[in-house]
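A.B. asks: model the following, please.
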Amino acid sequence: MDQEVEYYFQRYGDLELHRRMIADRWRTEAFARALRQAVRPGDVVLDVGTGTGILAMIAAKAGAKRVYGVEQSPIAQTAANLVKANGLSDRVKILRGPANAVNLDERVDLLVSEWLGHMAFVENMLDDVIAARDQNLAADGRMLPARVDVMLAPVGDPVLFHQFGPGFWRRAVEGLDLSALEKLELAQGRALQTRVEPSTMLAAPGTLVSVDLKTCDTEAPFRSGRVQFEIERDAMLDGFVGWFTTALTDDVELDTSPHRPETHWSQTYFSFDPMSVSAGEKIEVEFGIDRDPTEPRHLKIGLDVDGAGRTYTVE
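C.D. replies: Now for the predicted structure:
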């Protein structure tokens, strides 16, 4: 295992990280509600990246006959202890090891995994989920989440741009002109994980990527294309906001948009060269989503409007 991969899994042994995820009620309650709906009596369930084992245990309590929880990080032993403490050892088995190497003695009816990162695909855990799916899911088995969509919308947020973004450099500091740094920071293309106010959105969102987890391959998230927006009011466009929405089941959706309760994912803000836009104007954005060649668990996202292009690192 190389050092970067080892660090990634060591990080997921950190209980502070798991506490923040589980304390995200919008996330945890949505997955619990979806499991109670998706698990059928007698199902065999595989939980990929089980962490503390919470989803595996919820699946067992929802009626699963057997649940396998797979975890590569050191927290696997803690998960096994929690399973025992909750009296579920007869139905939940925790397996320590890489998810892409799991080959069970039986096919599973349901594969659940909370593999989602910023813009859905940061962390690149989906590769392991797909490998586990192809090796273990029954032909008529189900995936949870079932579908993931990545969304984008233009925003005009002078507070975000000028206080927490590149527009900060327009202010003199101790009588010194630092304004040249605005363009330099924009060129560095660092996406910001933050809460974006819904009132700053300038148009209805567009879909960049839609992935069906039952049929997709590992390259499904990585694509290029165009998306058009119709501006709703006169404003200064100074960025874009990205997020994901996922159909956990047919009836349970987890939406991380600015219009929904805040989650630990928040949204992703892409600061952009400020441009004046008018109500009714249509702007077309050319986009590209790919793995970061220097850090495969991060994303590179390119956004181009009328030849003004920026490439961002999302991590």
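
A.B. asks: CA only for contacts and neighbour counts going forward, please
C.D. replies: Will do.

A.B. asks: which residues of the stretch 51-200 of the chain fall in strands?
C.D. replies: Per DSSP state E, counting those that start in this stretch, the stretch 51-200 of the chain carries strands over the ranges 66-71, 92-96, 108-112, 137-144, 147-155, 192-194.

A.B. asks: convert the fourth one to CSV, retaining C-alpha atoms only.
C.D. replies: The C-alpha coordinates for strand 137-144 follow below in CSV (Å, rounded to 0.1, in the frame of the first residue of the first chain):
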residue,chain,number,x,y,z
LEU,A,137,-24.1,-8.3,-5.9
ALA,A,138,-26.8,-10.7,-7.2
ALA,A,139,-28.1,-10.1,-10.7
ASP,A,140,-31.3,-8.7,-9.3
GLY,A,141,-29.6,-7.0,-6.4
ARG,A,142,-30.1,-3.3,-5.4
MET,A,143,-27.7,-0.5,-4.8
LEU,A,144,-28.0,2.1,-2.0
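
A.B. asks: may I see the buried residues of that strand?
C.D. replies: Using 16 or more other CA atoms under 10 Å as the test for burial, strand 137-144 gives 137-138, 141-144.

A.B. asks: follow-up on the earlier one: can you redo the strands of the stretch 51-200 of the chain as JSON lines with mean pLDDT?
C.D. replies: As requested, the strands of the stretch 51-200 of the chain are exported to JSON lines (pLDDT from 0 to 100):
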{"stretch": "strand 66-71", "mean pLDDT": "98"}
{"stretch": "strand 92-96", "mean pLDDT": "98"}
{"stretch": "strand 108-112", "mean pLDDT": "98"}
{"stretch": "strand 137-144", "mean pLDDT": "98"}
{"stretch": "strand 147-155", "mean pLDDT": "98"}
{"stretch": "strand 192-194", "mean pLDDT": "96"}
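
A.B. asks: for these, which one sits closest to residue 311?
C.D. replies: strand 192-194 (13.1 Å; CA to CA).

A.B. asks: the closest one pairs with which strands?
C.D. replies: Here strand 192-194 has these sheet partners by DSSP bridges: strand 267-277 (antiparallel).

A.B. asks: who's in contact with residue 107?
C.D. replies: Shown in contact with residue 107 (CA atoms under 8 Å, 6 or more residues apart in numbering): 44, 136-138.

A.B. asks: so where do the strands sit in the stretch 201-315 of the chain?
C.D. replies: Under DSSP E, counting those that start in this stretch, the stretch 201-315 of the chain gives strands at 206-212, 224-230, 235-247, 253-255, 267-277, 282-292, 295-305, 308-314.

A.B. asks: so which of the ones you listed gets nearest residue 192?
C.D. replies: Relative to residue 192, the nearest member of the strands of the stretch 201-315 of the chain by CA to CA is strand 267-277, separated by 5.0 Å.

A.B. asks: ok, how many other residues are close to the closest residue in space to residue 245 that isn't next to it in sequence?
C.D. replies: Using CA to CA, 6 or more residues apart in numbering and skipping residues adjacent in sequence, the residue nearest residue 245 is residue 255, 4.2 Å away. When neighbours are defined as other CA atoms under 10 Å, residue 255 has 21 of them.

A.B. asks: one more: residue 263?
C.D. replies: There are 20 residues near residue 263, going by other CA under 10 Å.

A.B. asks: how about low-confidence regions in this protein?
C.D. replies: Along the chain, the model assigns pLDDT under 70 to residues 1-13.

A.B. asks: gap between the most centrally placed residue in the chain and residue 314?
C.D. replies: Geometric centre of the chain, nearest residue: residue 120, 2.4 Å, by CA atoms, centre = their mean. According to CA to CA, to the nearest Å, residue 120 stands 11 Å off from residue 314.

A.B. asks: about what we covered before: let me have the strands of the stretch 51-200 of the chain in CSV, extended by distance to residue 216.
C.D. replies: Putting the strands of the stretch 51-200 of the chain into CSV (distance: least, CA to CA, whole Å) gives the following:
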stretch, distance to residue 216
strand 66-71, 21
strand 92-96, 25
strand 108-112, 14
strand 137-144, 11
strand 147-155, 10
strand 192-194, 27
